[in-house]
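> Need coordinates for the below:
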Amino acid sequence: MNLFGDPIQGRRGSRVRIFFNGIGLEGHTLEPVSIALYYNGFKVLGRSKKLYRVRGFYSLSPQDRLVLAKVGGEYVNPCEVLCQEGQEVHVDLSLPFLVKLFSPLLDGYFQHKKLVKNKILWSLAVDKIKKLANHPKIGDMGAQKTGRILEVESDVVVVGGGLSGLVATYTISNLGLRVLLIDDSPALGGRMRYDHMDIPGISMPREDLLRDLLNRITASENVRILTRTVFTGLFEDHPTAYSEYDKTLYILKAKAYIIATGLIDIPCIFRNNDLPGVFSGSTVLEMINYYGVEPGRRGLIIGLSQNSLRIAEQLKRLGIDIVLVSRLKHENMEYDLSKIGEYVGNVREIQASGKTCVERVNIIHDSGRDEVKVDFIACSAFSIPDVRILNQLSSKMVFLDNVGFIPIHDEYMNLKDNIFIAGGVSGSPYSILHLIEGEIAALSVAYKLGVKGAEPLVEEKIKEYRSKLSEMNVKWKNKIFEISRSGLIENTSFTYPPTLFIEKPRNDAFICFCEDITTEDISKTVYEKGFRTLELVKRSLGVCTGRCQGRLCMVNASLYVSYLSNLDPDQVGLTKARAPTTPIPLHVLAGGEGG
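Now for the predicted structure:
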């Protein structure tokens, strides 16, 4: 169903006919294959790597590669490939006999078991089972051997085209410096593209603010823009970025970098949380407001926060029924939940069920158990800073309860050397702070690069920033600034993982979707192996080593290990991130035919 008529229709592009496993379907030239399939009722996009469980897409980010589909003869992420006329999409949903036969024995921990007493026979059996892993064989890849490598020079590279990234780009370009703006989305604007509610603390309407920023940036001769492009990492010689859309690897040469990668709605941990129809909260908004595609007619939203309430209100306006669940009591928040629908608080466990997608949920709470029929679930319990790029730099991080792992930075938004940050990646919870941080980062870069008159401007902006932090009661930022000066990190309090909705470790509650790692697998590793740092758990199970490179599972895994071992999250830590953050085809690295 197209929800909004012509505006959305133009955004989706012109109609084309694609073929899914031989079935002709309607698609649009500016929408991902995954959206076209979901629109036509096909929610299952593949099977998981080890357990062959049916999977769909959790988010539309090209960096969250949970499944691969064969599109035009090439295995790709269906969320980053656009529909084309006559396009053939093939998904193999078959279940190998041996996997079906031995499925009760298979889990993320099976390589540590000894189901056969003879070590040699068990070693041979493990090797045989590993070969059943559900990933494309090299001989079947059929990759097009085209690609190119380009060098791009600028004074500053801004990574992220949300509010803080746009403000930083405009501010820098207005000071006469050359800026390269990189974003992995099809269009600039970040959440402003699809969250249709106005931004708290900013008087200008959201749509007008976005239009004004885009007009100013696109009119500047100092700005170059790369959309559908992922900043892949900071190598020893030069940082790189990669566009799957046009098969181009960019080698970046700049004097300073501003990382404005924003926040991630990480998955909630509940039983069968890998079923098709489970989405991030921001993905649900993008589906309805950008592509005009309904996620369903009755949904469950997990989490009670300003973010989840904004999502619920926008779904309710479209006539979509909502059930909101949380561990909190309603009394903990001054908001009339009757505006959006049913609310269930004090939730202890959630179990989704359905044959091939979400059809219902069982909710266990302090007052008993409820079964609710829903056809989609939105995870909005915890939004964390996207720190993968910063983690490559071995940046100091500190965990703050209900905020996440925060990179240590000063008031000038300086992380280290010529690296600056702004917006959600710094942990700031409000958009008005993201706007000011974009300005501060830009002015700090300008001052560092010797632009005259930048110093008094940045000092004035920092005064405004401190005043706004005090006004909005964001006291923990001062702690971050103090740590940046002293270098001393104290132990922080930690209560309970905000995404955890199970009463005990479960073999169907997934933390790492790429590698089929469950809470039960991690529990066994912690208690039986005694591993209590995420790096050791990673080496044991392979968590954070899949296609998303830990983007969706790293923080959940760290907090769950902290919870099981009763350790501070800073002691458990994160895993070491290495470039590239997203897979780059070898033929592109070699220059391809056009390199």
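
> give me every residue that touches the residue sitting nearest the centre point of the chain.
Nearest to the mean C-alpha position of the chain, counting by Cα atoms, centre = their mean, stands Ile264 at 4.4 Å. Each residue near Ile264 by Cβ atoms under 8 Å, 6 or more residues apart in numbering is listed here: 280, 383-386, 551-552. Just so you know, the C-beta spots here come from the backbone N, C-alpha and C atoms, and that holds for glycine as well.

> Please apply the same query to Asp195.
For Asp195, counting by Cβ under 8 Å, 6+ apart, the contacting residues are 206, 282, 285, 289, 310, 314.

> Now tabulate the contacts of Ile264 in a markdown table and tack on secondary structure and pLDDT.
Written out in a markdown table, the entries for the contacts of Ile264 read as follows (DSSP: H, G, I helix; E, B strand; the rest coil; pLDDT from 0 to 100):
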| residue | secondary structure | pLDDT |
| --- | --- | --- |
| Ser280 | strand | 97 |
| Ser383 | strand | 94 |
| Ile384 | strand | 94 |
| Pro385 | strand | 95 |
| Asp386 | coil | 93 |
| Arg551 | coil | 91 |
| Leu552 | coil | 94 |
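
> for the residues you listed, which one is nearest Leu443?
Proximity of the contacts of Ile264 to Leu443, judged by Cβ to Cβ, is greatest for Pro385, which lies at 21.7 Å.

> right, and the closest one touches Gly404 too?
Yes. With contact defined as Cβ atoms under 8 Å, Pro385 counts as touching Gly404 (5.5 Å).

> what touches both of these two?
With contacts defined as Cβ under 8 Å, 6+ apart, the residues shared by Pro385 and Gly404 are Gly427.

> For stretch 451-467, the averaged confidence score.
Over the span of stretch 451-467, the pLDDT mean works out to 96.

> Contacts for that stretch next, please.
For stretch 451-467, using Cβ under 8 Å, 6+ apart, the contacting residues are 175-177, 411-412, 433, 436-437, 439-440, 443-444, 446-447.

> Over to stretch 348-360?
Stretch 348-360 has contacts (Cβ under 8 Å, 6+ apart) with 43-44, 54, 56, 268, 270-273, 275-278, 296, 300, 302, 325, 327, 361-366, 371-377, 501-503.

> start to end distance for stretch 232-248?
Taking Cα to Cα, to the nearest Å, stretch 232-248 runs 12 Å from one end to the other.

> Contacts only, for the closest residue to Ser394 other than its chain neighbours.
Distances taken as Cβ to Cβ, 6 or more residues apart in numbering put Lys576 closest to Ser394, at 7.7 Å, once the chain neighbours are dropped. For Lys576, the contact set (Cβ under 8 Å, 6+ apart) comprises 391, 394, 535.

> just the buried members of those residues?
Applying 16 or more other Cβ atoms under 10 Å to those, the neighbour count classes Asn391 as buried.

> of the contacts of Lys576, closest to Ile584?
Asn391 (18.6 Å).

> tell me the contacts of the closest residue to Ser280 other than its chain neighbours?
Closest residue to Ser280 in three dimensions, ignoring its sequence neighbours and counting by Cβ to Cβ, 6+ apart: Asp265, at 3.8 Å. With contacts defined as Cβ under 8 Å, 6+ apart, Asp265 is in contact with 59, 280-283, 307, 379-380, 382-383.

> distance of Asp265 from Gly424?
For Asp265, the distance to Gly424 equals 11 Å [Cβ to Cβ, to the nearest Å].

> any shared contact partners between the two?
The overlap between the contact sets of Asp265 and Gly424 (Cβ under 8 Å, 6+ apart) consists of Ser383.

> Tell me how far the residue nearest to the centre of the chain lies from Phe405.
In terms of Cβ to Cβ, Ile264 sits 12 Å off from Phe405.

> Tell me where the stretch 401-550 of the chain is predicted with low confidence.
Confidence mapping of the stretch 401-550 of the chain against pLDDT under 70 gives the ranges 493.

> Then the chain?
Scanning the chain for pLDDT under 70 picks out 1-11, 102-123, 125-133, 135-145, 330-335, 493, 591-595.

> mind giving me the domain split of it?
As recorded under automatic domain parsing, the domains making up the chain are 6-95, 97-130, 148-256+388-486, 267-381.

> closest to Phe531 out of those domains?
Nearest to Phe531 among the domains of the chain is domain 97-130; the distance by Cβ to Cβ comes to 11.0 Å.

> Between which two of the contacts of Ile264 is the distance greatest?
When the contacts of Ile264 are compared pair by pair using Cβ to Cβ, the two farthest from each other are Ser280 and Pro385, 14.9 Å apart.

> the helices in the stretch 401-550 of the chain, which residues?
431-448, 454-471, 476-486, 519-528, 534-541 (DSSP state H, counting those that start in this stretch).

> May I see the buried residues of the last one?
Buried residues in helix 534-541, counted by 16+ other Cβ under 10 Å: 534, 536-538, 540-541.

> likewise the third one?
Across helix 476-486, burial judged by 16+ other Cβ under 10 Å covers 476-477, 479-481, 483-484.

> cool, and the second one?
Using 16+ other Cβ under 10 Å as the burial criterion, the residues of helix 454-471 that qualify are 454, 457-458, 461-462, 465, 468-469.

> In contact with Glu411, which residues?
Residues in contact with Glu411, defined by Cβ under 8 Å, 6+ apart, are 440, 462, 465-466, 481.

> Which of those residues sits closest to Val561?
Distance ranking of the contacts of Glu411 against Val561, using Cβ to Cβ, places Phe481 first at 28.7 Å.

> Is the closest one in contact with Met413, as I believe?
No. If you go by Cβ under 8 Å, Phe481 and Met413 don't touch, sitting 10.5 Å apart.

> Out of the contacts of Asp195, which is nearest to Tyr245?
The shortest distance between Tyr245 and any of the contacts of Asp195, using Cβ to Cβ, involves Ser282 and amounts to 20.8 Å.

> and that closest one, which of the three is it?
State at Ser282, reduced to three classes by DSSP: H, G, I helix; E, B strand; the rest coil: helix.

> wait, it sits on Arg193?
No. Ser282 is not in contact with Arg193 according to Cβ under 8 Å; the separation is 10.3 Å.

> Pick out whichever of these two has more residues nearby.
For Ser282 versus Arg193, neighbours defined as other Cβ atoms under 10 Å are more numerous around Ser282 (25 against 20).
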